[in-house]
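*Asks:* For reference, the sequence and a predicted model appear below.
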Amino acid sequence: MRILAVDPGEKHIGLALSDETAMLSRPLMVVPHASKLVDAALVAARAADEAAGLIVVGVSYTEDGELNSSGRRAANFAEALRQQTAIPVILWDESLTTRDARALSLELGRSRKKRSGHQDALAASILLQSYLDSLPTSSLD
């Protein structure tokens, strides 16, 4: 089963997709943020196009384990997405994925120009890989 991950940001939405074995993730694309409903429709259509069986939306939390402001926006986006598709949508902790994406880009030697704007899909891929790594191995057999 393919899984689509969404890293919703204020300016861009990063998308990543797993392979069919749900073991590896890869960055898919970055789309500019328009509005919650337009974004949800676009993500739902992309999930259908990619034959995704699950959509994972990244949310962030405070140190107390409560959704922070961007986490609440992401949860609201996930709810709008649920209204647009029959594909199950779950929330997953995306804390520090953008930071990790920046660090990985630097490690890979990408120039500043190539790093700008493309962090969102890489962050979605890191988010998705975190989710995939949490799955029990027996569920993939």
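*Replies:* Nice, I can see it. Numbering: from 1, shown residues only.
*Asks:* in the helix or strand hosting residue 17, what's buried?
*Replies:* Element membership for residue 17 (DSSP states H and E) is strand 12-18. Neighbour counts over strand 12-18 (16 or more other C-beta atoms under 10 Å) mark 12-18 as buried. For the C-beta atoms, the positions are set from N, CA and C on the backbone; glycine is no exception.
*Asks:* Relative to residue 43, how far out is residue 49?
*Replies:* 11 Å (C-beta to C-beta, to the nearest Å).
*Asks:* In terms of packing, which of those two has more residues around it?
*Replies:* For residue 49 versus residue 43, neighbours defined as other C-beta atoms under 10 Å are more numerous around residue 43 (27 against 9).
*Asks:* still on that earlier bit, just give the strands next to the following helix or strand past the strand holding residue 17 in its sheet, each with its orientation.
*Replies:* Toward the C-terminus, strand 12-18 is succeeded by strand 25-32 as the next helix or strand (DSSP H and E). Strand 25-32 pairs in its sheet with strand 12-18 (antiparallel), by DSSP bridges.
*Asks:* Now tell me what touches the strand it pairs with from outside.
*Replies:* Here strand 12-18 makes contact (C-beta atoms under 8 Å, 6 or more residues apart in numbering) with 2-7, 24-33, 39, 43, 46, 50, 52, 117, 119-125, 127-128, 132.
*Asks:* swap the cut-off to 6 Å and go again
*Replies:* Contact with strand 12-18 is made by 2-5, 7, 25, 27-33, 39, 50, 120-121, 123-125, 128, as judged by C-beta atoms under 6 Å, 6 or more residues apart in numbering.
*Asks:* Okay then, goodbye and thanks.
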